[in-house]
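S.K.: I need the structure of the sequence given here:
(one chain, ligands or ions: 1)
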Amino acid sequence: MTLKLQDTSGKVLSGPKLVWTLIRGFRLKYLWAAISLFIATAFQFVVPLIGSATIDYALTSEPNSSEPILRHIIDLLGGSSLVSENLWIPGVAMLGFAALGGVFNYFQKLAAAKASDGICKRLKDQLYDHIQRLTNSYLDGSQTGDLVQRCTSDVETTRIFLAAHIVEIGRGLILIVTVLPIMLSMHVGLTVASMALIPVIILYSYLYIKKVKHLFTQVDEAEGRLTSVVQENITGIRVVRAFGRHDYEIEKFEKPNSEYRDTSIKLIGIMSWFWSVSDIASLTQIGIALVASSYLAIQGSVSVGTIFAFLALMNMVLWPVRMIGRILTDFGKTSVALQRINEILTQPFETESDQVEIQPDSPSQGFIEMKEVSFSHNEGTPTVNGINLRVEPGETLAILGPSGSGKTTLMHLLLRFYDVDKGSITLDGHDLRTLDRAYLRAQFGVVLQEPFLYSRSIASNIKLGVESTDQKDIEEAARMACIHDAITDFADGYDTEIGEKGITLSGGQRQRVAISRALLRNPPVLLLDDALSAVDNETESSIIEALQKRRGKRTTIVIAHRLSTLAHADKIVVMEGGKITQSGNHETLRTEQGLYQRLWNIQTQLETILAEETEAKAEN
Ligand SMILES: Nc1ncnc2c1ncn2[C@@H]1O[C@H](COP(=O)(O)OP(=O)(O)OP(=O)(O)O)[C@@H](O)[C@H]1O
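M.R.: Residues are numbered from 1 along each chain as shown. Next up is the predicted model:
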């Protein structure tokens, strides 16, 4: 069931409506919790009534005709003479009722815990699912730590509220509704004196929390920033060490850490005032009740037992009233947390498009065409501009260009991580924007510039994205990527765990595992973004040799800086400043003035120098 925490006009829900929507699907559990609570409360307030009746009717022999409830209780216990001679009877009855109250309290807590855990699991599932499908632009602009905090800490704040406080609100209402008539039936004046400040305390709590709600947002956001810094630091700990940036990082951490501390202290300070004032008000209420009941007792208009019952019942009501402050505080925090969660849940999916998306029946032929493609990450300067490219089925295209010239961006546009701003990209003649994204991405085998491997076995990393496969195919893909021998050298071979709980692969090994993963899919189009940058020359030529076998059958697009990786391609394009400045093949570009020729000359000169040095060494 998908939760929507906003109304049809897009306004985020608040107050009771928010809670009511949140508990959808778990309302029966809360109903059972409320019934258990009602029974528990009923048992609990019988206890002071028995005490009161025992004092009045059995001990002090002061029956008061205005308190039929107490007299009725004594009659139920066997009459005043029997009770006064057998004081264990009210004692056992009080214990029994208190125990029964405890049992039903347990039922209530269990039901509320099951409901709140269920609601939060659903919320986390929904968040996780939504994050998988968010647009790349949203993810580019988000801090990972903050997203993690929304999925964990914000959901936890919600869980605590749902587990403890919804039922507390119920308890407060039940107590007020049930205890008030009993108190009124015993003594109207004393009831008014015992309850006079309660509406004031409730109103004060409501207004106060409303006023400081923005502070909850500040604390939550400060915590988000802190989590982001920690997350970033741990991810980049090697860079920090390599550059000796400990002090800088500690200083950088200091700022959000102090900010979090300061906002928390500010909130605690303000909340302490709130608690103190509401405690003083509650104690004043008890004082008023004590003075009033003592006065009435001196006047002789109420019995000692009535005072005992009154004070006990008033305490029972006052406790949830004091809890209202805590409930409202936590509700304030929870609504801020839910707003932050809702912000993610209302982000559009990357698949939401006005155009009808088609899913061709057969795999792609690998025919790619780009016409006048322009795209900009940020408004203003285009990242790529006026790109025209044609890659025939089975052809190998190589892209070369200085850093930041837009090569990776072009590949991301092909995978439809982003949509083009102008122009069009087609696959087999279909505009990418009309193709089903899952179909589109299934046509590509991709090795990203920074290959990501999961903390799982090597085999599971290679077969990622392939429904079912046998070991033979995994090994074949690993052989093509020249990593099979290295894997079998590990004690656990393909079952070797990578990452936190396992071994750490070298940069070149990681790249080759990622290449195996892409090759195993046997995709119509293979995209390699600087995928051979970390492998040695010999391994590079073996991989290229293996890739050549795909030639004519499967399309390959290679982005690289080394000419040795590019030279074999059918077509080579040079990108500079987001534009294609040259295109041809190795032979034509080698002789044409431009970046390719300059790189070729540098490389040839280096080779000549190396050859001369080797010759000189050999002569010596
Ligand atoms: N997600 C993004 N948000 C904003 N700008 C981006 C983003 N990704 C890349 N850019 C910018 O777009 C430009 C092109 O980046 P791109 O990664 O396509 O270059 P590249 O040619 O692949 O570089 P390299 O050879 O270093 O990998 C760069 O100026 C980069 O800063």
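S.K.: ok, residue 181 to residue 526 distance?
M.R.: Distance, residue 181 to residue 526, using C-beta to C-beta, to the nearest Å: 79 Å. For every residue, glycine as well, the C-beta is placed using N, CA and C.
S.K.: same check, this time on residue 508
M.R.: Taken as C-beta to C-beta, the span from residue 508 to residue 526 is 19 Å.
S.K.: coming back round to it: which one of residue 181 and residue 526 is surrounded by more residues?
M.R.: Remark: of residue 181 and residue 526, residue 526 carries more neighbours, 24 against 11, as counted by other C-beta atoms under 10 Å.
S.K.: So what pairs up with the more buried one in the strands?
M.R.: residue 445, residue 556 (DSSP bridges).
S.K.: show me the contacts for it.
M.R.: Shown here is residue 526, whose contacts under the criterion C-beta atoms under 8 Å, 6 or more residues apart in numbering are 444, 445, 446, 518, 519, 547, 550, 554, 555, 556, 557.
S.K.: would TSV of the residues you listed with distance to the ligand be doable?
M.R.: Compiled in TSV, those are given as follows (distance: C-beta to the nearest ligand atom, whole Å):
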residue	distance to the ligand
444	17
445	19
446	14
518	18
519	22
547	20
550	23
554	23
555	19
556	17
557	13
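S.K.: Could you export those as CSV, including pLDDT and neighbour count?
M.R.: Formatted as CSV, the contacts of residue 526 follow (pLDDT from 0 to 100; neighbours: other C-beta atoms under 10 Å):
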residue, pLDDT, neighbour count
444, 92, 22
445, 89, 23
446, 89, 22
518, 90, 24
519, 90, 25
547, 82, 22
550, 77, 18
554, 87, 22
555, 93, 28
556, 93, 23
557, 94, 26
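S.K.: of those, closest to residue 208?
M.R.: Taking C-beta to C-beta as the measure, residue 208 lies nearest residue 446 of the contacts of residue 526, at 55.0 Å.
S.K.: Near the closest residue to residue 464 other than its chain neighbours, how many other residues are there?
M.R.: The spatially closest residue to residue 464, leaving aside those adjacent along the chain, is residue 517, at 5.7 Å (C-beta to C-beta, 6 or more residues apart in numbering). Residues within reach of residue 517, counting by other C-beta under 10 Å, total 24.
S.K.: any idea which element residue 517 lies in?
M.R.: Using DSSP states H and E, residue 517 maps to helix 507-520.
S.K.: tell me what that helix is packed against?
M.R.: strand 444-447, helix 458-462, helix 471-480, strand 525-529, helix 537-548 (3 or more C-beta pairs under 8 Å, 6 or more residues apart in numbering; DSSP states H and E).
S.K.: could you check the angle strand 525-529 makes with the longest one?
M.R.: Calculated by axes from the mean of the first three to the mean of the last three C-alpha atoms, to 10 degrees, helix 537-548 forms an angle of 160 degrees with strand 525-529.
S.K.: what inclination does helix 537-548 have with respect to helix 471-480?
M.R.: Using the same axes, to 10 degrees: helix 537-548 against helix 471-480 is 130 degrees.
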